[in-house]
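Student: Okay, structure incoming, though there's no sequence with it:
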Ligand SMILES: O=C(O)C(=O)C[C@H](O)C(=O)CO
Ligand SMILES: [Zn+2]
């Protein structure tokens, strides 16, 4: 067994109103990602969305089935999105090997039986960030690079939110059941992501922050638009964003993050936006 798994039940906005910092962090912060030589998973009860990582060193790591799934193979009833945020590595799925450079993505559809993760160089290991959601159809596996992504250029330096949203595992690029994933990169001097903030009650989301220098941090905002809370995030940590919550963040310098979501539809633009003056 090379896997560690934890699970968390869903909580609603009324409970969260009374949470202190520790309770908020226990429910929404994901701070055990990217452990060396291990596959780590957090199983959430928001859309049964799983967030995890695989960091192989000298030996390959396998995508093991888990008691939470009650399935012979991990992907018997799920789909998986992977983005590499480390050194070069490869993933072998049912005999086919995909090489992933920094910031390359891979979609693996329902029905793959044997999946393993490798690093090209254990001294500069691959760091595979993983998102998985239940799937009711089997779509083909697909390797997606940043060149294949649909890129949205949003914001401006004047409002400190100039950024590129690389839509990587999105329905114009790859067929999925409910998973969507992408990578947002803030320009130097810009610190705000997702401003104006938004919420999408039809989908949950997880934000994984990276490229944050050790001495810097990102303040992630969540909660109902008129009842916001914040969590301070360090490099390679993630935040679970329930469907009822806004999600936005401001860093002490620019940074990047991977967003992943699943739920009722595959419409990226299905979001309710909140202007800064509407937030409380
Ligand atoms: O900076 C942004 O804005 C984003 O990256 C927004 C995410 O893509 C998102 O929240 C999609 O629902
Ligand atoms: Zn969103």
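Tutor: Structure received. Because the structure is predicted, anything quoted here is derived from the model rather than measured. Ligands and ions are numbered 1, 2, ... in the order given.
Student: quick one: which helix or strand includes the nearest residue to residue 192 once chain neighbours are set aside?
Tutor: Of all residues not flanking residue 192 in the chain, residue 161 sits nearest, at 4.0 Å (CB to CB, 6 or more residues apart in numbering). Just so you know, the C-beta spots here come from the backbone N, C-alpha and C atoms, and that holds for glycine as well. Counting by DSSP states H and E, no helix or strand carries residue 161.
Student: what does the one 5 residues further on give?
Tutor: When secondary structure is defined using DSSP H and E, the element that contains residue 166 is strand 163-169.
Student: cool, and residue 82?
Tutor: strand 78-84.
Student: so what secondary structure elements neighbour that strand?
Tutor: Judged by 3 or more CB pairs under 8 Å, 6 or more residues apart in numbering; DSSP states H and E, strand 78-84 is in contact with strand 105-108, strand 128-134, strand 180-186.
Student: Which strands border the last one, and is each parallel or antiparallel?
Tutor: Just to be clear, that refers to strand 180-186. strand 163-169 (antiparallel), strand 256-263 (antiparallel) (DSSP bridges).
Student: before we move on, back to that, list the residues that contact the residue nearest to residue 192.
Tutor: For residue 161, the contacting residues are 154-155, 186, 190-193, 195, by CB atoms under 8 Å, 6 or more residues apart in numbering.
Student: Buried subset of the residues you listed, written for PyMOL?
Tutor: What follows is the PyMOL syntax for the buried subset of the contacts of residue 161, where burial is set by 16 or more other CB atoms under 10 Å:
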select buried, resi 155+186+190+191+192+193+195
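Student: between the contacts of residue 161, which is closest to residue 30?
Tutor: residue 193 (17.0 Å; CB to CB).
Student: Give me the phi and psi angles of the closest residue to that closest one other than its chain neighbours.
Tutor: Once flanking residues are discounted, residue 193 sits nearest to residue 249: 4.8 Å by CB to CB, 6+ apart. Per-residue torsions, residue 249: phi -160, psi 160 (degrees, to the nearest 10).
Student: Residue 189 now?
Tutor: phi 90, psi -20.
Student: Contacts only, for the nearest residue to it once chain neighbours are set aside.
Tutor: In space, and not counting its chain neighbours, residue 189 is closest to residue 157: 5.5 Å by CB to CB, 6+ apart. Counting by CB under 8 Å, 6+ apart, residue 157 makes contact with 187, 189-190.
Student: What of residue 219?
Tutor: Residue 219 neighbours (CB under 8 Å, 6+ apart): 230-233, 249-251.
Student: Only the buried residues of stretch 220-237, if you could.
Tutor: For stretch 220-237, the neighbour count (16+ other CB under 10 Å) marks 220-225, 228-229, 231, 233, 236-237 as buried.
Student: Which one of those residues is nearest to residue 64?
Tutor: residue 236 (22.2 Å).
Student: what about the residue lying closest to that closest one once chain neighbours are set aside, neighbour count?
Tutor: Spatial nearest neighbour of residue 236, excluding adjacent residues (CB to CB, 6+ apart): residue 34 at 4.9 Å. Residues within reach of residue 34, counting by other CB atoms under 10 Å, total 21.
Student: okay, residue 34: pLDDT?
Tutor: Note for residue 34: predicted pLDDT of 98.
Student: re earlier: kindly reformat the strands paired with strand 180-186 as TSV and extend each row with distance to residue 85 and mean neighbour count.
Tutor: Output for those, formatted as TSV (distance: least, CB to CB, whole Å; neighbours: other CB atoms under 10 Å):
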stretch	distance to residue 85	mean neighbour count
strand 163-169	13	23
strand 256-263	8	24
